[in-house]
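J.: Coordinates for the following, if possible.
(chains A, B, C and D)
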Protein chains: 4
Amino acid sequence: MSLKEKRKQGGTMKSAKDDPKPVDRGGLMMSTKGFKGMARSPKEAIEHVVLANRILANEGVLDAFGHVSLRNPENSNTYFQSRSLSPQFVTKQDVLEIDLDGNVVTKTDMRPYGERIIHAAVLKARPDVNAVFHGHPLQVIPFTVTNTPIRPIAHFGGMFYEGIPLYDDYDVSSGMLIATREEGERIARALGSSRALLMRGHGCVVVGDSIQSMVMAAINLRDNAQVQLWAMQLGQPKFLSYEEGRQARKIAQESAVALGRAWEYWVARAKKAMPDIA
Amino acid sequence: MSLKEKRKQGGTMKSAKDDPKPVDRGGLMMSTKGFKGMARSPKEAIEHVVLANRILANEGVLDAFGHVSLRNPENSNTYFQSRSLSPQFVTKQDVLEIDLDGNVVTKTDMRPYGERIIHAAVLKARPDVNAVFHGHPLQVIPFTVTNTPIRPIAHFGGMFYEGIPLYDDYDVSSGMLIATREEGERIARALGSSRALLMRGHGCVVVGDSIQSMVMAAINLRDNAQVQLWAMQLGQPKFLSYEEGRQARKIAQESAVALGRAWEYWVARAKKAMPDIA
Amino acid sequence: MSLKEKRKQGGTMKSAKDDPKPVDRGGLMMSTKGFKGMARSPKEAIEHVVLANRILANEGVLDAFGHVSLRNPENSNTYFQSRSLSPQFVTKQDVLEIDLDGNVVTKTDMRPYGERIIHAAVLKARPDVNAVFHGHPLQVIPFTVTNTPIRPIAHFGGMFYEGIPLYDDYDVSSGMLIATREEGERIARALGSSRALLMRGHGCVVVGDSIQSMVMAAINLRDNAQVQLWAMQLGQPKFLSYEEGRQARKIAQESAVALGRAWEYWVARAKKAMPDIA
Amino acid sequence: MSLKEKRKQGGTMKSAKDDPKPVDRGGLMMSTKGFKGMARSPKEAIEHVVLANRILANEGVLDAFGHVSLRNPENSNTYFQSRSLSPQFVTKQDVLEIDLDGNVVTKTDMRPYGERIIHAAVLKARPDVNAVFHGHPLQVIPFTVTNTPIRPIAHFGGMFYEGIPLYDDYDVSSGMLIATREEGERIARALGSSRALLMRGHGCVVVGDSIQSMVMAAINLRDNAQVQLWAMQLGQPKFLSYEEGRQARKIAQESAVALGRAWEYWVARAKKAMPDIA
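T.: Numbers count the residues shown, from 1 in each chain, chains lettered A, B, ... in the order given. The predicted structure follows:
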């Protein structure tokens, strides 16, 4: 039995639906309406891909591996992503355009990431998503291999109030990497309408409607995991309720003001640490 | 039942009043008499607000979010605080004057922090307080969501010898942010005469009679939380007694010598890491 | 009874052989065929020794102590290694040629590492190994002194799918350092055909067929240990199966693409942090 | 009952004397004979005091507080120590000469550390000691407030093989700081012939016959504490035996070669991080 099935059967996973106050989600799961930072052109989207790579490396969420993607604002059937390169060193010249089957559209012989199919499959299955993260923050992995799911423990984790599912249906022959279109589709199905997906013994997928929202979600998932590791050592934590999480997401994490301030902060820090960012 | 009520009823919280040696507190809770570093003019107060923001970012106590305030030395009914901006990047030009109802006094269209009402309400309720911190150090949050309160475990935590109360009366509709005057007043009441307040699933408020004393308390609260997390893994710690804490606060944390040395250290480190500080 | 014997008798060590799906290892344990980064000349090997020292210091795997070695590509009976010097400061001028009995071949009066016999003995016993690491990453040591072995908990630890044995047969008179040819041989026997060896109360030995593969294994062992420490706090983790580990090693850790990208990343980071690298 | 008494009565402290292989200590506890780095003149001693302050700040063992001292090589009745200043910023101009009663000998109005009596009392009681550290590394404090003593868990902790006693006899009125000659003498008695002393809810004292040996002991005590915190989460660790510790101290930590290499490393790192070191 996979860990996912154990969690479903008698597991300790208390998903959002155990909460007595379910609330009509009404329309799009995410909306950062009013936020001015979303890319309006392919040129700007490419610049944002560079920034997101540098930010997530600088904040310790990505290392030699992991990747981000952003949907083409002028063609919802393609997305931008670095060639196979460590995030800390991505420049505009490294960014490829890829379609939703994982084919590289850019005329180039640069090698794409082997796991780009994660991004293609999620962007195909989720029209509300424009940006995807896949990485292996060390603090997150313990929650992928035990019966303890990540749950919102502080307001900055509120965006995960609907629960974070777990993927555990690997093609063993692919070495726990997601390399085929079929496994990409399984990943997208496991993610469903959620904000993030844990991958057993591997890492996570995090999504957002903008690259800023995705970056915030990736950082907050890591920080929520760290706090939860500490708190569970003291005893059973009181997690955010469904409604607290829902409101915290709306007001504290995805308001135009909060996203704008955080993005400005991450960009400034990354540029200070990496003066070569164009 | 809120976590706060559970702690009150049968909780594990052993507050200072369980200690057999209560001591007359005599007058002001805090006094750093003799300390020469307190701001004497609005100009100096604004410089101190810049330094406190930079120091707390540099020492890892604040990140993209959180804020500090300092009462106007020439008008006890207003205080200085940055516009809505990450602490690491605050300059003198970003500092606003705000009154104790949270109204921006400075003629400007710069946006203030949404949670400035925390500072306004605390400064209104506590004439002995001149400086307020609100932030979300990750090590502190576990103690806001479990039945384990932060207690002084080392001499540098002695300043919290009177106990740290817990706030858990959120307006759910505000997303766990403190946005209304009513909730600001509830925060101030929960803080009472204490040196710090934990906020469930959110973070903390820390106060001081000078900005230096507030900065030290914010750093020491984080460090005490870290040591307590480690110690509780080994067994039940022997915490400081009420009297040990009271003396440690007076001699080790709020003497003019200790505050002066620490402030000089934090300023020098911040200026080295951020040469743009004016 | 040594800790090693306890583990053998009734210990909790579930080695790879407990796994129901053993797989024929067929030929060499490691093969990074197709990887273009392997040193082809003594000159290049010396440059790689310098880089590996700098990288492992920069990534926090080595501090004042610990060392790496690389077999001479033109003479399989000698290897290259720094003189007795902290890894962070090794330059090409510090690299010695040493034979497989630990004798310094280079005409010099520079002092070699006292523990060079570890490298000599392992390179003598293991023709498939070209690079050896010995160090003391703090996260690894807890697994050398308790009944809990390190097991692959994430795909990046897959390379250790065959189990990591434990050495606990010290000559007490040598202060837990490996100083004699006899003890070097015992280390090599304890390592056997494994990818790594834990040394009780001391540290570890990690090997690779290239210096890049050895560096990746040393970093991944440390990271796997960190994740395992966190996960075991939450409950009993689901580790990678034998076959998952085997495939992950082949595809995710020792493919030419993965090794190339990681090496480029580590080198660039080290050169940024240490501009004096030649 | 103090924590120290509890440890003595039925505590979990397994001191060195429980070990079946006690060994004649013969003469001086410490001897780094052959080590060339010991200060030979007051001028050199002052330079070493500056370096030790900078190193311990740079390696994260000291922060705004804590201090080091070194006996005058030309007058065993005085020692050198910074004026009251954070270790990260000490220069040669800040170093005072102080006698073994804590009186400042240097003609100056610079303020000495309030706790200099720790150093005076230890140097007076221990002719074999030339250098003293007092600080508050966060990882060490958990072992001062629980029934778990620090014991050698890796070879680098071997130097503490004779056990680390605990001080818990504070003058409450001094705020857990050591400010009087009487309390200084109690500290020295509690230290006895040991290499280090834990201070309940405060920190530690560490000694050495040279400043290099003291710096290594302070860093190793912190690292041993960190590894022990992690290991005890996994189960009961196998600590070094008395004889293993004794040999490890002699060979791995206090040989001229090991001390020389480590000192060179720490100095180079400190000078890189703090180019203002004279």
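
J.: Could you find the closest non-adjacent residue to residue A:126?
T.: With Cβ to Cβ, 6 or more residues apart in numbering or on different chains as the criterion, residue A:126 has its nearest non-adjacent residue at 6.6 Å, and that residue is residue A:207. C-betas here are computed from N, CA, C, even on glycine.

J.: Test my guess that that neighbour contacts residue A:132.
T.: Yes - at 5.4 Å, residue A:207 and residue A:132 qualify as touching, with contact defined as Cβ atoms under 8 Å.

J.: what touches both of these two?
T.: A:122, A:214 (Cβ atoms under 8 Å, 6 or more residues apart in numbering or on different chains).

J.: Burial check on residue A:103, number of neighbours?
T.: 12 (other Cβ atoms under 10 Å in any protein chain shown).

J.: Please determine how far it is located from residue A:118.
T.: Residue A:103 sits 15 Å away from residue A:118, going by Cβ to Cβ, to the nearest Å.

J.: which stretches of the stretch 151-278 of chain A have low pLDDT?
T.: For the stretch 151-278 of chain A, applying pLDDT under 70 flags the ranges A:278.

J.: ranges for the helices of it?
T.: A:181-191, A:211-234, A:242-248, A:256-273 (DSSP state H, counting those that start in this stretch).

J.: Kindly report the residues of chain A close to chain C.
T.: Within chain A, the positions near chain C by Cβ under 8 Å from any Cβ of the partner chain are A:3, A:63-65, A:84-86, A:88-89, A:111, A:114, A:136, A:138-139, A:141-143, A:145-148, A:170, A:172-177, A:200-203, A:229, A:232-233.

J.: Please identify the helix or strand for residue A:77.
T.: According to DSSP states H and E, residue A:77 maps onto strand A:75-82.

J.: and the gap between the residue of the stretch 51-200 of chain A found nearest chain C and residue C:258?
T.: Closest residue of the stretch 51-200 of chain A to chain C, Cβ to the nearest Cβ: residue A:175 (3.2 Å). Counting by Cβ to Cβ, the separation of residue A:175 from residue C:258 is 10 Å.

J.: Residue A:171 too?
T.: Distance of residue A:171 to residue C:258, computed by Cβ to Cβ: 17 Å.

J.: try residue A:122
T.: Distance, residue A:122 to residue C:258, by Cβ to Cβ: 22 Å.

J.: Could you do residue A:90 as well?
T.: For residue A:90 relative to residue C:258 (Cβ to Cβ), the value is 17 Å.

J.: How about residue A:46?
T.: Following Cβ to Cβ, the distance that separates residue A:46 from residue C:258 is 25 Å.

J.: try residue A:241
T.: Distance, residue A:241 to residue C:258, using Cβ to Cβ: 42 Å.

J.: Residue A:256 too?
T.: Look at residue A:256 and residue C:258: by Cβ to Cβ, they are 39 Å apart.

J.: go on, residue A:267?
T.: Distance, residue A:267 to residue C:258, using Cβ to Cβ: 29 Å.

J.: so who does whichever residue of the stretch 101-250 of chain A sits closest to chain D touch?
T.: Distances between the stretch 101-250 of chain A and chain D by Cβ to the nearest Cβ are smallest at residue A:233, namely 8.7 Å. Applying Cβ under 8 Å, 6+ apart to residue A:233 gives the contacts B:142, B:229, B:232-233, C:233.

J.: again, 10 Å this time
T.: If you count contacts by Cβ atoms under 10 Å, 6 or more residues apart in numbering or on different chains, residue A:233 has them with B:142, B:146, B:148, B:229-230, B:232-233, C:233-234, D:233.

J.: Kindly indicate the member of these with the most neighbours.
T.: residue B:142 leads those on contacts (other Cβ under 10 Å) with 27 neighbours.

J.: so that residue sits right up against residue A:228, yeah?
T.: Yes - using Cβ atoms under 10 Å, residue B:142 and residue A:228 qualify as a contacting pair, with a distance of 8.4 Å.

J.: hey, what's in contact with both of these two?
T.: Common neighbours of residue B:142 and residue A:228 (criterion: Cβ under 10 Å, 6+ apart): A:153-154, A:237.

J.: Can you lay out those residues as TSV showing neighbour count?
T.: Formatted as TSV, those follow (neighbours: other Cβ atoms under 10 Å in any protein chain shown):
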residue	neighbour count
A:153	29
A:154	30
A:237	22
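
J.: Tell me the one among those nearest to residue B:72.
T.: Nearest to residue B:72 among those, counting by Cβ to Cβ, is residue A:154 at 32.3 Å.

J.: Can you report phi and psi for the closest one?
T.: The phi/psi pair for residue A:154 (degrees, to the nearest 10) reads phi -140, psi 160.

J.: distance of it from residue A:225?
T.: Counting by Cβ to Cβ, the gap from residue A:154 to residue A:225 is 11 Å.

J.: Drop anything exposed from the residues of chain A next to chain C.
T.: Taking 16 or more other Cβ atoms under 10 Å in any protein chain shown as the criterion, what is buried in the residues of chain A next to chain C is A:3, A:63-65, A:84-86, A:88-89, A:114, A:136, A:138-139, A:141-143, A:145-148, A:170, A:174-177, A:200-203, A:229, A:232-233.

J.: In strands, which of those appear?
T.: residue A:203 (DSSP state E).

J.: Find the nearest non-adjacent residue to residue A:105, please.
T.: With sequence-adjacent residues excluded and distances taken as Cβ to Cβ, 6+ apart, residue A:105 is closest to residue A:97, at 4.4 Å.

J.: Next, the contact list for that neighbour, please.
T.: A:42, A:45-46, A:72, A:75, A:78-81, A:103-108.

J.: Double-check that it belongs to a strand.
T.: Yes - under DSSP: H, G, I helix; E, B strand; the rest coil, residue A:97 sits within a strand.

J.: Per-residue pLDDT of it, please?
T.: We have a pLDDT of 98 for residue A:97.

J.: From residue A:129, how far out is it?
T.: From residue A:97 over to residue A:129 the distance is 17 Å, taken as Cβ to Cβ.

J.: Ok, residue A:66 next?
T.: Look at residue A:66 and residue A:129: by Cβ to Cβ, they are 18 Å apart.

J.: try residue A:92
T.: Separation of residue A:92 from residue A:129 (Cβ to Cβ): 23 Å.

J.: more crowded one of the two?
T.: Set side by side, residue A:92 and residue A:129 show more neighbours around residue A:129, with 25 against 13, by other Cβ under 10 Å.

J.: which residue packs closest to the more buried one, ignoring adjacent ones?
T.: residue A:207 (4.4 Å).

J.: Count the residues that sit near the one you found.
T.: Residue A:207 has 27 nearby residues by other Cβ under 10 Å.

J.: Kindly report the same for residue A:271.
T.: 15.

J.: for residue A:104, same thing?
T.: Neighbourhood size, residue A:104 [other Cβ under 10 Å]: 18.

J.: what bridges to it?
T.: Bridge pairing for residue A:104 (DSSP bridges) gives the partners residue A:98.

J.: got the contact list for the spatially most central residue of chain A?
T.: Central residue of chain A (Cα atoms, centre = their mean): residue A:206, 1.5 Å from the mean position. Contacts for residue A:206 (Cβ under 10 Å, 6+ apart) come out as A:61, A:68, A:131-135, A:137, A:140, A:159-160, A:164, A:191, A:194-197, A:213-222.

J.: Wait, residue A:186 touches residue A:192, no?
T.: No - the criterion here is Cβ under 10 Å, and residue A:186 misses it with residue A:192 at 11.6 Å.
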